[in-house]
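Undergrad: turn this into a model:
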Amino acid sequence: CPRARGMQQPLPPYEVLPAEVSMEELPRSTTVLLEEPPRPPRDHLVWSLSTTLYGNFCCLGLLALVFSVKSRDRKVMGDYSGALSYGSTAKYLNITALVINIIIVIIVVTVVALITAGVITNVNRSPPYGQNPFSGTT
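TA: So this is what the prediction gives:
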């Protein structure tokens, strides 16, 4: 395509090797080291949003969401150490809220099971229907 050829950069001019330099003195290969950019730290934003919506015990989910947003802001600015710090705080707040929510669910399920089984209430000791529980006669 002639249009594509016109858009290419021209090659640099060819340089002739000086006469006093021999090919044996020149390096045979060139090594280029490329460093990978550091992986951006995790901000746990989705986890914090889920914790805020579904298990916001004592506002721990909301705090985790705030720290996640701060972590994301730091990551966008290129401050990876600040993003790592805020992300770590959000992670620990999410873990704490998750553990507390699991404990609450276990307690609620246990209480409901005990009420259903009749252990907590005096269902078996109630007087038959129609009798006054406060009267001394049966």
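Undergrad: residue 98: neighbouring residues, count only.
TA: 18 (other Cβ atoms under 10 Å). Every residue, glycine included, has its C-beta placed from N, CA and C.
Undergrad: do residue 105 as well
TA: 11.
Undergrad: tell me which helix or strand of this protein sits lowest on mean pLDDT?
TA: Ranked by mean pLDDT, DSSP states H and E, the weakest helix or strand in the chain is helix 2-7, scoring a mean of 52.
Undergrad: show me what the next helix or strand after that one is packed up against.
TA: Counting by DSSP states H and E, the next helix or strand C-terminal to helix 2-7 is helix 45-54. In terms of contacts (3 or more Cβ pairs under 8 Å, 6 or more residues apart in numbering; DSSP states H and E), helix 45-54 is packed against helix 60-77, helix 80-117.
Undergrad: I'd like those laid out as TSV, including mean pLDDT and distance to residue 16.
TA: Formatted as TSV, the helices and strands packed on helix 45-54 follow (pLDDT from 0 to 100; distance: least, Cβ to Cβ, whole Å):
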stretch	mean pLDDT	distance to residue 16
helix 60-77	95	49
helix 80-117	94	48
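Undergrad: ranking the ones you listed by burial, who's on top?
TA: Burial of those is given as mean neighbour count (mean count of other Cβ atoms under 10 Å); helix 60-77 ranks first at a mean of 20.
Undergrad: for the residue nearest to the spatial centre of the chain, give me the pLDDT.
TA: Centroid-nearest residue in the chain: residue 44, 2.1 Å away (criterion: Cα atoms, centre = their mean). Per-residue pLDDT puts residue 44 at 94.
Undergrad: give the contact list for the closest residue to it other than its chain neighbours.
TA: Leaving aside its sequence neighbours, residue 44 sits nearest to residue 90 (Cβ to Cβ, 6 or more residues apart in numbering; 4.8 Å). By Cβ atoms under 8 Å, 6 or more residues apart in numbering, the residues touching residue 90 are 43-44, 47-48, 64-65, 67-68, 71.
Undergrad: cool, thanks, signing off.
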